[in-house]
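Participant: sequence and predicted model, in that order:
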Amino acid sequence: MKINHCESIATARRFGSIQHRRPVRHVVKPLPLLSVDNESRFAAIVENSDDAIISKTLNGIITSWNSGAETIFGYTAKEMIGQSMLRLFPIERQEEEYQILDRIMAGEKVEHFETERICKDGTLIMVSVSISPVRDVTGRIIGAAKIARDITESNRLEAAAEQFRSLVNSSDDAIITKTLNGRVNSWNKAAQTMFGYSAEEMIGQPMLRLFPKECIEEENFILGKILRGEKVDHFETVRNCKDGAQIHISASISPIRDRQGRIIGASTIARDITQVRRQQEQLEHLAHFDGLTDLPNRLLMSDRLRQAMALTKRTNQELAVLYLDLDGFKFINDTHGHAVGDALLVALSKRIAGKLRDADTLARIGGDEFVAVLVDVRQGDKLKRVINRILRACAEPVVIDGKCMEVSASIGVTTYPHDDVDEDQLLRHADLAMYEAKQSGKNRYTTFDAFRDAEGKSRHQYVRRLAQALQDNELVLHYQPKVNMRSGAVVGVEALIRWQHPDRGLLPPGLFLPMIEGHALNEEIGLWVIGEVLAQMSSWRQQGLPMPVSLNLAPNQLQDDHFPQVLAGLLARYPQIDPGDLELEILETSAARDIDAISRVMQACSKIGVQFSIDDFGTGYSSLTYLKRLPAKLLKVDQSFVRDMLCDQEDMAIVRGVIGLAAAFQRKVIAEGVETMEHGEKLLQMGCELAQGYGISRPMPAAELPDWVANWCSQPRWVCPQWDD
């Protein structure tokens, strides 16, 4: 049955008012009869609607098709009028048409249901549809009128928005947005967990509610950056929680812009780093202070001495270094036991510290040896009085467990810049003077004679002899395997230099490298090591044994901007070697010298593909800043802590702290000094799988490594741990 023009107008009358705003609501109700002018006007409205307005017969044949339908589905009215409505239906949806027609013929309206339809180009779209019966003047149902709206994009946007909301609320980081006047306008679940305030308590409130008084100025700094369109990345600060506690956070803050690009607010992503900070502070304290006396240890003392020397140069003052060793302490320790000996050391350290000023530093550097750094002193009576007070304090009896203990002290003294050398040499000179005091009768002090040049001449001769050793091929490399204890895999080797001395035999590096520290020969030997390592890696690869190798860099090389270029040239000689198999180890204490220069050199080397690790981690001045700025993938726990961790709780705490920091900063960690199966078991329990040490293998010549790798297998109790989960 065809519908004439009048029937089309009647159909249009029955569409009722159409709501074009979202959410989609189509209101379809009968209209009163219209005048001819009104009918024309309404027909124009239908034709110009953005929604598809379609009429069809009771057998589903299309009788009218407006421009909105053409836009949505791609078919023209000419192509669709007289065609079956099923042309728009996916096969699996065609049953809908029969259900709809059944309801229409029953006089029902089908309102606001979502379904799928096919466009002319084959695209599948989502539509929201309302369908009403069309009646003739007698009220008889003669067809159906349909209003359809394309909701594909709105559904996609809503799904994306829902996904984003879910992501925000499932994030472990606090995600907060605020207006330019600092008021919170969104607050996720992690923010509630982190700060204790609910979204209801915070939305509309000033962000300053979280700021401690001393941090309020930060808001102006942050706002200034945001208004300039800049981000604030990884900003570490302190914030208040609802319960009054303060937490350390790392925050990244970005501008929020509207569609016109105007900045209308800021978003903050914050992470609670309180636990990491506490671990860091604990680790730094353990690494910098003596566990028995809580005095600065050798490392911290060296740092303070270096700073004091720089200040002395600038202010034209003098400082004194006192090297103190107790006379008779070993006898007391052996006779009365370590507990009494420790109590004596604690008592004497307090006495000595009491004779110094706040600006001075007293450090315990091992056993019964102490070093005092006295700033702003003058040679003469004042310095002598201080030294004599220390000698008297050490000689006074100490009562422990009702027993009277008596010792004395021998002190070596040197002054700077009268003794114009570096900090290591100052300590060595003070140490030499202390031995002279002991040889002279003990309970006294001796001043180092800075004008003696015997040691300088000796060093010059030593450097010349070592240079000759390099030329004569007396220097050799041994390699110590590094393994994954759990899997049994050999993950690499560390190259270790040795001196095959013709008279003294095979010498470890500690017996000859310290004498050339700071000398150009040290860097020359460092380059020789890199060249030898690359040649050996190439040889192993030809034998079917590709092996990553790590080696130590000389500290000065880390500050040489030309070093990356030199390294690239050495690597170019061996194109078959993957640069990622070469790992350069830097001492943690070296990284503290010039973090900017060292970071710059490391970044340049990393671009070549070379890997980095931080050696002896835990012994120096590590901080969150160094871990973030230095591109080192691996932290090496110093062997001095690993070796004694089974019997020393402080060493155990340091090892656990280093492993925790490595995990927090997503770094790998390897333990040096694994000497027993028990060491490996304890490390595995703490989450450290990589290790090296005498319990795995001693360093060996390169020729022995292939056989060792072929025969190596991990400890059964490492591969199949016996401890309780």
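Facilitator: Nice, I can see it.

Participant: number of nearby residues for residue 533?
Facilitator: 21 (other C-beta atoms under 10 Å). Quick note: C-beta positions are derived from backbone N, CA and C, even for glycine.

Participant: do residue 95 as well
Facilitator: 10.

Participant: what about it, distance to residue 393?
Facilitator: 101 Å (C-beta to C-beta, to the nearest Å).

Participant: same thing with residue 552?
Facilitator: 42 Å.

Participant: the two: which is more packed in?
Facilitator: residue 552 (22 against 16).

Participant: for that one, give the beta-bridge partners.
Facilitator: Beta bridges link residue 552 to residue 585 when assigned by DSSP bridges.

Participant: quick check: it touching residue 615?
Facilitator: Yes - using C-beta atoms under 8 Å, residue 552 is in contact with residue 615, at 6.5 Å.

Participant: give me the common contacts of these two.
Facilitator: 585-587 (C-beta atoms under 8 Å, 6 or more residues apart in numbering).

Participant: and of these, the nearest to residue 716?
Facilitator: residue 585 (30.6 Å; C-beta to C-beta).

Participant: give me the neighbour count for the closest one.
Facilitator: With other C-beta under 10 Å as criterion, residue 585 counts 20.

Participant: you'd agree it is up against residue 555?
Facilitator: No - counting by C-beta under 8 Å, residue 585 sits too far from residue 555 to count as a contact (11.6 Å).

Participant: where does the residue lying farthest from the centre of the chain land in three-state SS?
Facilitator: For the chain, the largest distance from the centre (C-alpha atoms, centre = their mean) belongs to residue 138, which lies 78.9 Å off. Assigned by DSSP: H, G, I helix; E, B strand; the rest coil, the conformation of residue 138 is coil.

Participant: what about it, distance to residue 64?
Facilitator: Counting by C-beta to C-beta - residue 138 and residue 64 are separated by 21 Å.

Participant: list the buried residues of stretch 406-413.
Facilitator: 407-413 (16 or more other C-beta atoms under 10 Å).

Participant: hmm, who's touching that stretch?
Facilitator: So stretch 406-413 is in contact with 320-329, 332, 344, 348, 383, 387, 390-391, 394-395, 397-398, 429-438, 442-448, going by C-beta under 8 Å, 6+ apart.

Participant: which of those residues count as buried?
Facilitator: 320-327, 329, 332, 344, 348, 383, 387, 390-391, 394, 398, 429-434, 436-438, 443-448.

Participant: flag the shaky bits of this structure, pLDDT-wise.
Facilitator: 1-45, 159-168, 170, 378-380, 450-459, 588-594, 618-627, 721-725 (pLDDT under 70).

Participant: excluding its backbone neighbours, what's nearest residue 400?
Facilitator: Nearest residue to residue 400 in three dimensions, chain neighbours excluded: residue 343, at 4.9 Å (C-beta to C-beta, 6 or more residues apart in numbering).

Participant: the one you found is in what secondary structure piece?
Facilitator: helix 338-354 (DSSP states H and E).

Participant: list the buried residues of that helix.
Facilitator: 340-341, 343-349, 351-353.

Participant: ditto for stretch 251-271
Facilitator: Buried residues in stretch 251-271 (16+ other C-beta under 10 Å): 251, 253-256, 265-271.

Participant: over to stretch 195-202?
Facilitator: 195, 197, 202.

Participant: ok, the closest residue to the first one other than its chain neighbours - how many residues close by?
Facilitator: To tie it back to what came earlier, the one meant is residue 195. In space, and not counting its chain neighbours, residue 195 is closest to residue 241: 5.1 Å by C-beta to C-beta, 6+ apart. Residues contacting residue 241 under the criterion other C-beta under 10 Å number 14.

Participant: give me every residue that touches residue 241.
Facilitator: By C-beta under 8 Å, 6+ apart, the residues touching residue 241 are 194-196, 247.

Participant: how close does it sit to residue 266?
Facilitator: 21 Å.

Participant: still on that earlier bit, give the full set of residues in contact with the residue farthest from the centre of the chain.
Facilitator: Residues in contact with residue 138 (C-beta under 8 Å, 6+ apart): none are found.

Participant: again, but for residue 122
Facilitator: By C-beta under 8 Å, 6+ apart, residue 122 has no neighbours at all.

Participant: now do residue 615
Facilitator: 552, 585-588, 636, 638.

Participant: pretty sure residue 105 is touching residue 140, no?
Facilitator: No - here residue 105 lies out of contact with residue 140, judged by C-beta under 8 Å, at a distance of 10.8 Å.

Participant: so the two - more neighbours on which side?
Facilitator: residue 105 (12 against 9).

Participant: residue 497 - that's part of a helix, no?
Facilitator: No - counting by three-state DSSP, residue 497 is not part of a helix but strand.

Participant: on that earlier part again, most widely separated two among the contacts of residue 241?
Facilitator: Top of the distance list for the contacts of residue 241 (C-beta to C-beta): 196 and 247, 10.0 Å.

Participant: give me phi/psi at the residue farthest from the centre of the chain?
Facilitator: phi -90, psi 0 (degrees, to the nearest 10).

Participant: do the same with residue 293
Facilitator: phi -100, psi -10.

Participant: does it really touch residue 346, like I thought?
Facilitator: Yes - if you go by C-beta under 8 Å, residue 293 and residue 346 touch, sitting 5.6 Å apart.

Participant: among the contacts of stretch 406-413, name the ones in helices.
Facilitator: Among those, DSSP state H puts 329, 332, 344, 348, 383, 387, 390-391, 394-395, 429-438 in helices.

Participant: quick one, what contacts residue 535?
Facilitator: residue 574.

Participant: what strand or helix carries it?
Facilitator: Per DSSP H and E, residue 535 falls inside helix 520-542.

Participant: now do the buried residues in that helix.
Facilitator: For helix 520-542, by 16+ other C-beta under 10 Å, it's 521-523, 525-526, 529-530, 532-534, 536-537, 540-541.

Participant: so how far is stretch 417-425 off the chain centroid?
Facilitator: Taking C-alpha atoms, centre = their mean, to the nearest Å, one finds stretch 417-425 lying 38 Å from the centre of the chain it belongs to.

Participant: run through who's touching that stretch.
Facilitator: Residues contacting stretch 417-425 (C-beta under 8 Å, 6+ apart): 302, 305-306, 309, 312-313, 318, 379, 426, 429, 448, 450, 517-518.

Participant: same check on stretch 660-672?
Facilitator: With contact meaning C-beta under 8 Å, 6+ apart, stretch 660-672 is reached by 273, 276, 279-280, 283, 482, 613, 622, 627-628, 632-639, 642, 655, 658-659, 679, 683, 687-688, 690-693.
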